[in-house]
Structures are given as structure tokens and as C-alpha cells.
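# Kindly return the folded structure for what I paste below:
(chains A and B)
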Amino acid sequence: MNAGDFSTILPLLLVTGWACVLLLVDLFIPRGRKAITAALSALGLLTAIALLLSQFGLEREAFKGMIVVDGFASFLQMVFLLSGLFGIALAYDYVRRQNIERGEYYTLLLFTVAGMMLMAQAGDLIVVFLALEMLSLPLYVLTGIARPRPDSEEAAMKYFLLGAFASGFVIYGVALIYGATASTRLSEIVAVVQAGQAIGGLLLAGMAFILVGLGFKVAAVPFHMWTPDVYQGAPTSVTAFMSVGAKAAGFAALLRVFLVAFPDVAPAWAVVAMWVSAFTMAWGNVAAIAQTNIKRMLAYSSIAHAGYILMALPAAADPAVASDAVGAVLFYLLAYAFTNFGAWAVVLALEKKDGQGLAIEDYAGLGARRPALALAMALFMLSLTGVPPTVGFVAKFYLFRTVLQADLVWLALVGVVTSLISAYYYMRVVVVMYMRQGEPEVRSEGWLNATVLLAGLATFIFGLLPAPLMGLAARAGLLTFLR
Amino acid sequence: MTLVQILFLLFGLVTLLASLMVVTSPKLVHAAFWLILALAGVAALFILLEATFLAVVQVVVYIGAIAILIIFAVMLTRRVMHDTGPQVNRSWWVALLVSLVLFGGLVLMLAQVPALAGTPAPLMVDQETLLEDLGRALVDADRYVLPFELASVLLMASMIGAIFVARPPSGSEERSGER
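Below is the predicted model:
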């Protein structure tokens, strides 16, 4: 051990420590001035971003391989920290007008961001599990933060029960893999497997359990049932954060564990991941058509996007395409973060008290009433569909190209066809906004508008000029142990 | 069949039956007591595996703390002592089928593990050395100090969450006063 080991987890330590201090400081902030807590938590995240930037490009192992720092981890940590900032910006006015403003909101948010950051740099299955719990537990509470509102409580209960169930799968999988390889360290697992000393049956079963558990977390079909209910019941600011952060963290774990520890058994999991991906894309997009509530529609849309991102896993099973696939996922996650936060910000602007203003019909007349907001929403919908000139198009193009490189033509075809289907429900929002008459009540709040503006600009500009960001994602590879 | 094997089967059976009763008994208090029996069965299995320290931890933490805490929680909330609804829902047979298939698959898979075929050799290491090693591993920066500390952070985060969930909605008195 040396001081260098600690420097690798410095941003993580900062966020965790800040969350603890914030909990104490919050005691001295009077009710009604909780905006100070929000500002302080944002300050913590900004400091962590600065720290992260100062050590960007670092590649090493720490704590005997329990922690791995590489481009992949740094890139994802940046995504998580940005998601945290967006999450705070969206919550800032919303929690006050919904009467759910509590100091703990921001503390718990920081804890889940810390869990996500840990997930990105976990090099040991024990750490993966701890990170998974650290990001999930605060999210369960945040989902129910609007209690005693029944839908929020119900969502929290459902999320908690199914999440705990999924965690059980993950930890059982970890135990079986330990039984098969006598190690939980990713680097040692791959060495044991390559030496042919692993017990095949246990290894396969363990992998299957981990895939199921993480499939729950990223909301892949057939483990997606909780998603629409939880996304609908949770306070919208929490949903927005959850749909980006928790999903990205789940994919961070999937990619890290499967590409680093199990590349030698790739044919086995690639087939499963391929079918799960295809079903997720198909079901997510088809079920979204029937939705009339915008939160449910975006929930199914997030399931569908989990399917798209999951396409990269079977593609990455081909060693020649692996690094391209990882880059495609990273770029897709960042693009999805910008687009999704923008879309949720518009949803927040139209939401009224007691869950009113969430039907897609409520968007009628938005084009005439608030042209800029409607334009931004149209841009986000185009980006979610994957239409140029938005970042969503570039991300999908990049992803589909890597899938084609891996010779999975039919999977790419499923992706294209389901994208076409998705155009129907995304465009319906645009049609309702511009073609229907209506007098929507829209809020205009500083941080909400800023989020929409920032997300809109990012969606548009990175759609036109994706090269710098794409280069960054492509270079942000995984640190593999045996090449 | 040796005595140890008979004991193992016996304790395994007790654990399984008690766990079944935990999920099927309609009264919450009864379920809590069955849980204690199930956890004690697991502790006995640990002893058979020569993991005496884990057995003690199992008794102290799971029975002594968690199960008793559940009983206290039931006692203090006092509202839902008795579940009046049915214990299973309509698709119970699907769940049963899936679990049986999963169980069968796991048994088949475990049967192929070579190390599990013969009688296990007795542990060669002294129990005290083992325990000392466990203690050192948890504070050694080159071994498990990081997960250990992370677990403490995780526990604190969940404690904050639990307190937040359990506390009556903050400011409810003040707000009702305003109205």
C-alpha cells in the first residue's frame, strides 16, 4: 500500500466525505433555506470534477487490484458527476413546489453518486457488490421521498423489494464464481480461467446469476417489470437522475465484469446477451406506443435504450471489436444522459401538483405557448429516436456500426427496425405540442430552463460536431489484464 | 452414512422447513420465531463445517440482533400483526415451477463439481490461526480494508435512509398548524 493508492479513489472519497459533512451542516440550515444545502452539494460535485480532471488519463491498479483506474472509469465517473449536478439542478425548484424539500435529499443523492463512481472503478466482485448496494439503497429512499404520497411509497416498496431480489442474484453469482475460481478479483479470475483451472459449470451459473442481477438494475427485458411503476411513482426529479445514473452504473458493471473477467467464455454469455438485447429493444419500443402518461412512456423508452446499449455486449465478445464497442457504449451513455435530462426537465416544467400535467395530451399547445421549450423538447425527442442532426443519431450510428463490425447483422437490423417503431411515439409528442390546440400551464424556473438550454445545446452541438467527444470515448478503454 | 452426515441432513431439513414456515405463516410474530429457528439451523451447519467463528457471528448478529429487532418492530408498530389476505397469489405455481427448475439445475451443476464428490478432508489449520488471519485481513490495506470501510459507508448511508423512512413526515405538525 502507498499514498498513490489513495489518490486513485480521491474523487470518490471526496464525494463520500462531503455527503457525511453535508448531513451535519444541514442540521444548522433552517427549513425553507434548503437551497443552501443544494448549492453546497453541487459545490462538492464540482470539486470532485476538478479533482477527476486533474488525474484524467491515469491508468493503474490500486489496493492490489480491487480498484482499477483507467479511461473507462474516469469517463464514467465524469458522466456520474455530471448526472449528479443535473439531478441537483432539476430537484432545486421541484422539491420546493412539491413540498418535499428535505436536506437529506442531497445527502442521499451524493451517496448514490459515490456508489456509482465506485462501480466504475471496481476491480473486484466484492467491490462491485458493495458499489451496487451503495448506489441502490439511497435510490430506494429517494424514490419514496415524497411520502406520504401513496404512489411514491408504492414505487419505493416495489423498487426496494425487486432491487433486493436482484442484489441477491448478484451476490449468489459472486459466491458461485468464487467457488469456480477461488477468487473474486477480476484479474485473478481471468488468469484462472485461462489456465483452465476453473470449474466450468459453476462459472457459467455464476455468470448467469450476475447477468440476471445486473439485468434488473439496467431494466432489461424480462427483468424490466418494475421500471414503469417506479419511474411513474418516484418524484420526477429522482426519476430523471435514476434513469441516467443507475442505468449507466449497471452498464459499467456489466462491461467491466464480463469483458475483463470472462473474455474467455465469451461465446456463452454473448448469445444470452444478444437475445436479451433483442427482446429488450422490441418490447420496450412496442409497449411505449400504448402509453398515455409521459413518465411511463419515457420509462419504456429507457427500457428500449437499455436494449440498444446491451447490443454492445455481444459485439464486444469479438476481441477485435471490443474496444470500439466499449467506446460506443460510453458515447451512447453520455449522449443519452444529455438527451434524457433535457426531456425530463421539460416534463418537470409541465408537472403540476398531485401528479397532474403528466399526460401526453397536456402538451397540446406547448408550441405556441413556449416555442423555445417546445423546440427543445422536439430536439430531445428527435435525439431519442436517433434522427440527425442530434447526438442521439451519432450515438446510435456509432453503436450500430460496431455491431455490424462484429457480424451481428440481424441484431443491428432489430435495432434499426425498433428505432423506426420508436419514431411513432416520440413524434406523437411533437405532433401534440405543435398541431393540437391547448393552454398548457408551464413553469419557468431558472435552473430548469438552464438545464433545458444546456442539454439542448449539447444535444445539438455534439450532434453536429461529435468528433472530440467521440475521440475521448474511443480512447477511454478498459484496463484489461491479459491481452 | 456417518454421524456427521446424518446431523447435516437433520439440520438442513430443520432449516428448510423453518424457512418455509417463515414465508407461509400468516402471523408476523410466528414468522419471526420461525426465522430464529431457520437462522439457528444455519449456525449449526456452520459448526458442522468447522466454521465456529461464523457460527457465533450467525447467532449473535442474526438471531441476537436482527430477529429480535424484527420482533421488537412488530411489537412497536402493532398495526399489522396478522395478515388476513392469502399467502400466495394466482401465479404461485409458475413461481414453484421456476424455482424447481432452478433448483434442479443447481443440483445437477453442483453434482459435477469434483471437490464435492468425496468426503471433505478435515481442516488442517488451527481455528485460532484462521481467526487471527480473518481479523488481520480486515485491517490490512493490501487485503480487505477497502471493502471493509466501504461496507461501513454503505451501512451509514442505509442508516440515514432508514431513519428518514421511519421518521414521521418532517414538518407535518408545522404544516397542519399553518392550515
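
# show me the contacts for the spatially closest residue to A:Glu439 that is not a sequence neighbour.
Closest residue to A:Glu439 apart from its sequence neighbours, by CB to CB, 6 or more residues apart in numbering or on different chains: A:Gly365 at 5.8 Å. Placement of C-beta: from N, CA and C, glycine included. By CB atoms under 8 Å, 6 or more residues apart in numbering or on different chains, the contact set of A:Gly365 is A:433, A:436-440.

# Filter those down to the buried ones, ChimeraX style.
Buried subset of these, written as a ChimeraX selection, criterion 16 or more other CB atoms under 10 Å in any protein chain shown:
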select /A:433,440
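
# of all the contacts of A:Gly365, which two lie farthest apart?
A:Met433 and A:Glu439 (13.0 Å; CB to CB).

# where does A:Gln291 fall, helix, sheet strand or coil?
coil (DSSP: H, G, I helix; E, B strand; the rest coil).

# From A:Leu118, how far out is it?
34 Å (CB to CB, to the nearest Å).

# of those two, who's got more company?
Taking other CB atoms under 10 Å in any protein chain shown, A:Gln291 and A:Leu118 do not tie; A:Leu118 has more neighbours (30 against 20).

# That one is in contact with A:Met134, isn't it?
Yes. At 6.3 Å, A:Leu118 counts as touching A:Met134 under the criterion of CB atoms under 8 Å.

# Let me see the backbone angles for the residue nearest to A:Glu439.
When read as degrees, to the nearest 10, the backbone of A:Gly365 gives phi 90, psi 0.

# pretty sure A:Ser187 contacts A:Gly123?
Yes. Between A:Ser187 and A:Gly123 there is a contact at 6.9 Å, judged by CB under 8 Å.

# Identify the contacts common to these two.
With CB under 8 Å, 6+ apart as the test, A:Ser187 and A:Gly123 both reach A:61, A:65, A:260.

# which one of those has the most neighbours?
So for those (other CB under 10 Å), the most neighbours sit at A:Val260, 21 neighbours.

# so it touches A:Leu186, yeah?
Yes. Using CB under 8 Å, A:Val260 is in contact with A:Leu186, at 4.8 Å.

# ok, back up a step: where's the residue nearest to A:Glu439 relative to A:Ala270, distance?
The value you get for A:Gly365 to A:Ala270, if CB to CB is used, is 48 Å.

# same deal with A:Val416?
For A:Val416 relative to A:Ala270 (CB to CB), the value is 20 Å.

# Compare neighbour counts for these two and give me the winner.
A:Ala270 (18 against 13).

# confidence score at the more buried one?
A:Ala270 is assigned a predicted lDDT (pLDDT) of 91.

# how many neighbours does the nearest residue to it once chain neighbours are set aside have?
Distances taken as CB to CB, 6+ apart put A:Ala317 closest to A:Ala270, at 3.6 Å, once the chain neighbours are dropped. A:Ala317: 25 surrounding residues under other CB under 10 Å.

# Ok, A:Val417 next?
Count around A:Val417 with other CB under 10 Å applied: 13.

# Downstream of the helix or strand where it lies, the next helix or strand is which one?
Take DSSP states H and E as the rule and A:Val417 turns out to sit in helix A:409-435. Sequence-wise, the next helix or strand downstream of helix A:409-435 (DSSP H and E) is helix A:446-464.
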